[in-house]
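> need a structure here:
(chains A, B, C, D, E and F)
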4 protein chains.
Amino acid sequence: MKDKKAAVLAATLELISEQGFHGTPMSQIAQKANIGVGTIYRYFPSKENLINELYIHVKARLASYVFKNYIENMPVRKSFLHLLRTIVDYFLKNPIDFLFMEQYATSPLITVATRQEGLRMFEAATKLFIRAKEEELIKDLPLDLINTFTYGATRSLVSMYLFSDDKPSDEILNEGIVAIWDGIRK
Amino acid sequence: MKDKKAAVLAATLELISEQGFHGTPMSQIAQKANIGVGTIYRYFPSKENLINELYIHVKARLASYVFKNYIENMPVRKSFLHLLRTIVDYFLKNPIDFLFMEQYATSPLITVATRQEGLRMFEAATKLFIRAKEEELIKDLPLDLINTFTYGATRSLVSMYLFSDDKPSDEILNEGIVAIWDGIRK
Amino acid sequence: MKDKKAAVLAATLELISEQGFHGTPMSQIAQKANIGVGTIYRYFPSKENLINELYIHVKARLASYVFKNYIENMPVRKSFLHLLRTIVDYFLKNPIDFLFMEQYATSPLITVATRQEGLRMFEAATKLFIRAKEEELIKDLPLDLINTFTYGATRSLVSMYLFSDDKPSDEILNEGIVAIWDGIRK
Amino acid sequence: MKDKKAAVLAATLELISEQGFHGTPMSQIAQKANIGVGTIYRYFPSKENLINELYIHVKARLASYVFKNYIENMPVRKSFLHLLRTIVDYFLKNPIDFLFMEQYATSPLITVATRQEGLRMFEAATKLFIRAKEEELIKDLPLDLINTFTYGATRSLVSMYLFSDDKPSDEILNEGIVAIWDGIRK
DNA sequence: CATGAATGAGAATTCATTCAT
DNA sequence: CATGAATGAATTCTCATTCAT
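Prediction:
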């Protein structure tokens, strides 16, 4: 049943975001997912594999949301702002996903292969940057730099929103996104 | 002896950055530090305390490096670029410190008190942002946002440099830093 | 399975009586009970809890033996002698239970709650003393005193029998019990 | 220096009575005795030896108190009552000594040799019982029985006094002691 | 003699994983 | 397929004892 696998992933995400990987026993995951411990092992060969699959799962969900209404051939600046805005939206709506990504993006538990698979889902964004460079709209910096820079700044935006006591308005978020664009544009 | 405490901190930093907190047993730390397991507990009451002290230690080392040649009353833009450049320099020279900060900046293992103590060491930077706002040189966004944005973007810069195969030149790093400034300046 | 819990209790009783609580590692208990160490923790949350449950267990077994053929309304003296005789019998047949009770009756490891639960099992004896006082058959001393005095003297009897080289005859034991009665009777 | 040895014994007695043998680290004893840990080992080869010497020490102190004004040739009953009364007095004045004896009288930590040495200090009491038997004042029971019986009952007396909320009067204590005599007299 | 820093063996406890039902 | 009792390797931490100063 797909049901059980999904239940395990959901339970793991919630528990792990709060308690961390090592603070969350398989038994607790099983309990939250309303299945037996042994059953988890029908779907995931090990706990390590489970968290890696969860990483892919969460990243795929984000990508699917982000690219749902994304149109490839719109003007670069508009695409860029739309993309960032959608990412921010998603994380504000799904803070647990954000917490999870923050913690496991750099964790040694996530294998190189997993991380690469996660990156592949955002190739459309890379294409956009390439186009931007060709159209000479952004600084002449390495693509990688543009990429991480953009994502890093976006994370900061979300993080500040989620953890600060006085939530910034929608407008300020937009200004923040524009600031990122200002950072890379020519 | 101060020797042993320092040896424990050094060993922990190195091991924990690669293997994570839970992937690093106390016995391994002891071995790498060339002391007995029990000795660690003469200096640190628990493993949790050890990592919190290490956090302070690393952050203090960074702050000391960053503010060594920092002059409070220089023009804002110059100060800003100098500050970011020094941070980047430090992390490129001490990649393990960077990996450690990346992993534990958001980890629940680091207590609120520890994090606050860490922040206090960078008050000079906050002062600079306040001055920048007063002089109306940067966008009218919340200080927190400016702050996390700046640090987030800086991290991306370092991260890209450390993990990409074709290391960007010194010039490109400078351009990256300027890009950050462009992001927040008016 | 009830089997394993019982096996753990039996193993613990035997080992702890000889070696003491702190002289008996959980691993040894597991080995003697023919189970894995972890299995003990399925039945007892901690070593401290284990010894407290064992205390109840042993005391319940004693009470069940002692009151099996006990009839409430027999003459006081007869009841008294019967009771003491049965206690002595039980301990002579189960010397390990005696050793265990001797060591843990006063130990700080046994919680107040556990001790109280143990006392409740011997309320019938207290009733007998009350009746004895009402019938003015025994000295006019506080009940507590009568109680501890009686039990203390009984313990001595058992202890002497178990550890002396020339075991006293059945008759002598009876005389000993009568001596206790003589101590408290008017 | 005799000073230090005595200080160690005093510190150990106090700490061990409250916290138990295994709950009391050597370092704590050293601290309470105002000496270095290593120094303990100049006077006692091991922790086990320390507790055995303490046992002897406490028992000797009790014996010295009990037999201080004891006259060998007084009438048996008077001697007996005096002896018991003095024991009770001592323990009421030194409850820690009582707690210690109660806990370690049956503990596997005290070696057989130590226990025997402790018994030897009370030979005068045994002599009294022999005389009592010769004069046919007490029941014709084995000496050992008389002995343990008497001591067991005395312990109960003290224990009840120390732990009950409504302390029995001096008179009641005397009655209790008489009850013990009544138990063994012909 | 006195000290206390250093040590590492040993203890309780946890938890991923297996496998008989 | 699903289960969860059983397992024991692995982990953190304590503390008696040693020995260089």
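> look at A:G38 and say how many residues are nearby.
A:G38 has 9 neighbours, counted by other CB atoms under 10 Å in any protein chain shown. All C-beta atoms are positioned from the backbone trio N, CA, C, and that covers glycine.
> do the same with A:I51
Neighbour tally, A:I51, other CB under 10 Å: 22.
> that one reaches A:L13, doesn't it?
No: between A:I51 and A:L13 there is no contact under CB atoms under 8 Å: 9.7 Å.
> got the contact list for A:G176?
Contact partners of A:G176, counting by CB atoms under 8 Å, 6 or more residues apart in numbering or on different chains, are A:L157, A:P168, B:L141, B:L145, B:F149.
> show me how chain A divides into domains.
What automatic domain parsing lists as the domains of chain A is A:1-44, A:47-184.
> for the helix or strand where A:L9 lies, buried residues please.
Assigned by DSSP states H and E, A:L9 belongs to helix A:2-19. By neighbour count with 16 or more other CB atoms under 10 Å in any protein chain shown, helix A:2-19 contains the buried residues A:K5, A:A7, A:V8, A:L9, A:A10, A:A11, A:T12, A:L13, A:L15, A:I16, A:S17.
> stretch A:139-149 now?
By 16+ other CB under 10 Å, the buried positions in stretch A:139-149 come out as A:K139, A:L141, A:P142, A:D144, A:L145, A:I146, A:N147, A:T148, A:F149.
> for the residue nearest the centre of chain A, give its distance to DNA strand E.
With distances taken as CA atoms, centre = their mean, A:K59 lies nearest the centre of chain A, 5.0 Å away. As judged by CB to the nearest atom of the strand, to the nearest Å, A:K59 and DNA strand E stand 22 Å apart.
> got the phi and psi for A:M121?
Dihedral angles of A:M121 (phi, psi; degrees, to the nearest 10) stand at phi -70, psi -10.
> which one of the buried residues of stretch A:139-149 sits closest to DNA strand F?
A:T148 (32.1 Å; CB to the nearest atom of the strand).
> what helix or strand is the residue nearest to that closest one when sequence neighbours are not counted located in?
The spatial neighbour of A:T148 that comes closest, neighbours along the chain excluded (CB to CB, 6 or more residues apart in numbering or on different chains), is B:S156 at 3.9 Å. Per DSSP H and E: B:S156 is located in helix B:143-163.
> what about the helix or strand following that helix, average pLDDT?
Note on helix B:143-163: by DSSP H and E, the next helix or strand toward the C-terminus is helix B:170-184. For helix B:170-184, mean pLDDT is 88.
> again, but for stretch A:88-95
Stretch A:88-95 comes out with an average pLDDT of 94.
> so which bits of it are buried?
Of the residues in stretch A:88-95, A:V88, A:Y90, A:F91, A:N94 count as buried by neighbour count, 16+ other CB under 10 Å.
> next: stretch A:45-52.
The neighbour-count check on stretch A:45-52 (16+ other CB under 10 Å) flags A:K47, A:L50, A:I51, A:N52 as buried.
> list just the nearest of the residues you listed to C:H82.
The nearest member of those to C:H82, counting by CB to CB, is A:K47 at 61.6 Å.
> the closest one contacts A:M26, doesn't it?
Yes: counting by CB under 8 Å, A:M26 is a contact partner of A:K47 at 6.1 Å.
> got any ranges where chain A has weak pLDDT?
Along chain A, the model assigns pLDDT under 70 to residues A:1.
> about what we covered before: the residue nearest to the centre of chain A against A:Y104, yeah?
No: taking contacts as CB under 8 Å, A:K59 lies outside contact range of A:Y104: 10.1 Å.
> returning to that earlier point: and of the buried residues of helix A:2-19, the nearest to C:S79?
C:S79 lies nearest to A:L15 out of the buried residues of helix A:2-19, by CB to CB, at 60.3 Å.
> name the nearest residue to the closest one, sequence neighbours excluded.
Counting by CB to CB, 6+ apart, A:T24 is the residue found nearest to A:L15 once chain neighbours are left out, at 4.5 Å.
> and for the closest residue to chain D within chain A, the neighbour number?
Going by CB to the nearest CB, chain D is nearest to A:G23 of chain A, at 29.9 Å. A:G23 has 13 neighbours, counted by other CB under 10 Å.
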